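1. Sequence and predicted model, in that order:
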Amino acid sequence: MSNPDSVETAAPAGFSAVRDGKILRVTITKPKRKNAIDYDTMVALGDTFLAAADDRSVRAIVLTGEGGDFCTGADLSASGSEAQRGITPDHVMDAANRLVRSIVDAPVPVIVRVRGAAAGVGVGIALAADLVYASEDSYLLLAFINIGLMPDGGAAALVAAAAGRPLAAKLALLGERLPAAEAHAAGLFTAVVADAELDAVVEAAAAKVAAGPRRALELTKQALNAATLTALDATLAAEKSGQIELLQSPDFVEGATAMLTKRKPVFAD
């Protein structure tokens, strides 16, 4: 996968990474945008996970979003300024794929805490983790089809690996919310708990894995991924190729405009 460092990035923003003993806590910090992430944030998050992989003192990574949502996908409002800086759809897709791959390949368990929405590429980011704990009011949403796009962030492989092709097709083709209870029943969430209990459940899981044998955890992750995510690289490549085409299509222009102006899109015949 190509490295997005060939494009000049802005100063890291939109997330924080704080060490807490053996635990690295990573938080997407764009609550006013419902934690939608732009290119720079994707690159910086990928850098953070790759750096953590080389730090043997890190034993667990907790990823969450500030405020009421985990991540609502790519920030479309940033696309104009990104284009002015020479950032193309190819660069954005590489940054998203690199981030998802860095989560999957992290040698220590990655634990995601989901409140509210995990939507768009946020679905791929969440499901790339090893343990996903969600509040009762949370949901997954692959709304790409509603704006003329296709799932990315490895979602096609990550959803299918856990829940099977029928549910993956339902999410991708209908673009409807999947409530937390249904996501848990399908195997997409590790557990769903009351919002008031979510932090305590995540902290207990993080403390347990952080105290575990690092190499055994790493090899266990590798074996699980080898058994379930054999198609991830091919999926990321297919999503990149298809999404680049769709991002330049009239249907996407119509879909994005309709979303930003809060009206129903009218796609071409």
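-> Cool, the structure landed.
2. Report the contact partners of Ala155.
-> Contact analysis of Ala155 by C-beta atoms under 8 Å, 6 or more residues apart in numbering lists Val121, Val123, Gly124, Leu127, Leu142, Ala168, Leu171, Ala172, Glu239. Placement of C-beta: from N, CA and C, glycine included.
3. Max pairwise distance over those residues: which two?
-> Using C-beta to C-beta, the contacts of Ala155 span at most 15.6 Å, a distance reached by Val121 and Ala168.
4. hmm, back to that, generate JSON lines for the contacts of Ala155, with distance to Ile87, neighbour count and pLDDT as supplementary columns.
-> Shown next, in JSON lines, are these (distance: C-beta to C-beta, whole Å; neighbours: other C-beta atoms under 10 Å; pLDDT from 0 to 100):
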{"residue": "Val121", "distance to Ile87": "15", "neighbour count": "30", "pLDDT": "98"}
{"residue": "Val123", "distance to Ile87": "22", "neighbour count": "32", "pLDDT": "98"}
{"residue": "Gly124", "distance to Ile87": "20", "neighbour count": "30", "pLDDT": "98"}
{"residue": "Leu127", "distance to Ile87": "25", "neighbour count": "26", "pLDDT": "98"}
{"residue": "Leu142", "distance to Ile87": "24", "neighbour count": "32", "pLDDT": "98"}
{"residue": "Ala168", "distance to Ile87": "29", "neighbour count": "22", "pLDDT": "98"}
{"residue": "Leu171", "distance to Ile87": "28", "neighbour count": "28", "pLDDT": "98"}
{"residue": "Ala172", "distance to Ile87": "26", "neighbour count": "19", "pLDDT": "98"}
{"residue": "Glu239", "distance to Ile87": "18", "neighbour count": "26", "pLDDT": "98"}
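5. In helices only, show me those.
-> Val121, Val123, Gly124, Leu127, Ala168, Leu171, Ala172, Glu239 (DSSP state H).
6. just checking, the fourth one touches Ala163?
-> Okay, so that is Leu127. No - using C-beta atoms under 8 Å, Leu127 is not in contact with Ala163, being 9.5 Å away.
7. any common contacting residues for the two?
-> Both Leu127 and Ala163 are contacted by Leu188, under the criterion C-beta under 8 Å, 6+ apart.
8. Might you report the residue contacts of His104?
-> Not His; residue 104 is Val. Taking C-beta under 8 Å, 6+ apart, one finds Ala128, Gly154, Asn225, Leu229, Leu232 in contact with Val104.
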